[in-house]
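Asks: Below: sequence and its predicted model.
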Amino acid sequence: MKDQYVGDVNDYFKYALLRSLADGGEMGVAWMLTPSDSRNDGQRLRYLQQPDRFAPLDPSLFHALAQLVRQGQRSVSAVEGAGILAGAMYASEVLHDDLQSRWRYFESVWQICAKRRVLFFDPDNGLEVSSVAKGRRGSSRYLFWDELENAYARGHSVVVYQHFPRRPRDEFIAELALKAHNVAGCSTMLALATSHVAFLVLPQDEDSRFMLERLAAFSARAAAYNTAMSVITF
């Protein structure tokens with residue numbers, strides 16, 4: 001996550017989904033914050049000029065993000081201050097590439113979010129890729145499988161932000177689900193795909209029915225925005 005992404009259309013869908021999955025505020029958020037850069041990422045703001053189309057998905061969220069963008073307050077600290085994810089606990093430190101600071105970052109995540117039922121990871125790109133090793137340049141943009149495994153083993157239902165590579169999406173989601181099953185031991189993976197990204201949901205067994213119902217309800221509301229829901233069980 002970068003501050004420059006706050007308020008864009010992917011951010012809007014992200015918070016709308018998390019607000020649907022939250023249960024009484026029992027959510028932890030690991031922003032996996034990285035420094036803003038000079039790229040144009042995060043400029044998908046045109047949706048804010050179409051309130052009739054986009055606001056019905058989550059009206060109060062739409063107007064809160066529109067206000068942050070209008071006031072130039074595009075940062076995760078502004079999101080936290082606005083109460084967009086009511087009752088959430090946040091790991092807000094900047095995540096760096098080197099192994100030592102990464103270890104410290106995740107130790108902080110486990111402490112801050114220890115009692116949160118749902119734990120959301122917001123990496124720039126998503127789950128690890130073979131071309132970028134942990135501790136190498138650019139590794140802060142990824143969540144690594146051992147970190148996801150650790151989160152799941154600690155009893156959290158895990159949600160991960162994931163960009164799509166240039167390959168068939170259904171095949172990619174199915175591959176991630178199999179990997180999640182083999183690594184973390186989850187018996188179900190839920191996914192919501194938008195035009196640009198996916199949100200992967202790995203529920204604990206006791207949360208599976210609740211999260212499936214919540215995601216299905218959200219998917220029905222979001223159907224007009226070219227979204228697709230997947231449920232893969234083992």
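Replies: Perfect, I can see it now.
Asks: what distance separates the longest helix along the chain from the middle of the whole chain?
Replies: In the chain, assigned by DSSP state H, the helix with the most residues is helix 169-184. Counting by CA atoms, centre = their mean, to the nearest Å, helix 169-184 is centred 16 Å from the centre of its parent chain.
Asks: Give the other helices and strands that the helix or strand just after it contacts.
Replies: Per DSSP states H and E, the first helix or strand lying C-terminal to helix 169-184 is strand 188-193. Helices and strands touching strand 188-193, by 3 or more CB pairs under 8 Å, 6 or more residues apart in numbering; DSSP states H and E, are helix 169-184, strand 197-202, helix 208-221, strand 228-233. Any C-beta I mention is one placed from the backbone N, CA and C, and that applies to glycine too.
Asks: Give me the contact list for strand 188-193.
Replies: 17, 164, 169, 173, 176-177, 180-181, 198-203, 205, 208, 211-212, 215, 218-219, 222, 227-234 (CB atoms under 8 Å, 6 or more residues apart in numbering).
Asks: can you do 7 Å?
Replies: 17, 169, 173, 177, 180, 198-203, 208, 211-212, 215, 219, 227-233 (CB atoms under 7 Å, 6 or more residues apart in numbering).
Asks: Then stretch 84-101?
Replies: With CB under 7 Å, 6+ apart as the criterion, stretch 84-101 contacts 15, 18-19, 22, 25, 27-35, 61, 64, 76-77, 80, 102, 105, 108-109, 112-113, 116, 134-140.
Asks: pLDDT averaged over that stretch, what's the number?
Replies: Averaging pLDDT along stretch 84-101 yields 94.
Asks: Report the buried residues of it.
Replies: For stretch 84-101, burial by neighbour count (16 or more other CB atoms under 10 Å) applies to 84-85, 88-93, 95-97.
Asks: any idea of the mean pLDDT in the longest helix of the chain?
Replies: 93.
Asks: rewinding a little: of the contacts of stretch 84-101, select the buried ones using a PyMOL command.
Replies: Buried residues within these, by 16+ other CB under 10 Å, are selected in PyMOL with:
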select buried, resi 15+18+19+22+27+28+29+30+31+32+33+34+61+64+76+80+102+105+109+112+113+116+134+135+139+140
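Asks: In helices only, show me the contacts of stretch 84-101.
Replies: Those of the contacts of stretch 84-101 lying in helices (DSSP H): 15, 18-19, 61, 64, 76-77, 80, 102, 105, 108-109, 112.
Asks: one step back: just the buried ones among the contacts of strand 188-193, please.
Replies: Applying 16+ other CB under 10 Å to those flags 17, 173, 177, 180, 198-203, 208, 211-212, 215, 219, 227-230, 232 as buried.
Asks: Report how many residues lie close to the residue lying closest to residue 26 once chain neighbours are set aside.
Replies: Nearest non-adjacent residue to residue 26, counting by CB to CB, 6 or more residues apart in numbering: residue 117, 3.8 Å away. Neighbours of residue 117 under the rule other CB atoms under 10 Å: 21.
Asks: about what we covered before: can I get the helices and strands packed on strand 188-193 in CSV including distance to residue 122?
Replies: As requested, these are exported to CSV (distance: least, CB to CB, whole Å):
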stretch, distance to residue 122
helix 169-184, 16
strand 197-202, 10
helix 208-221, 18
strand 228-233, 20
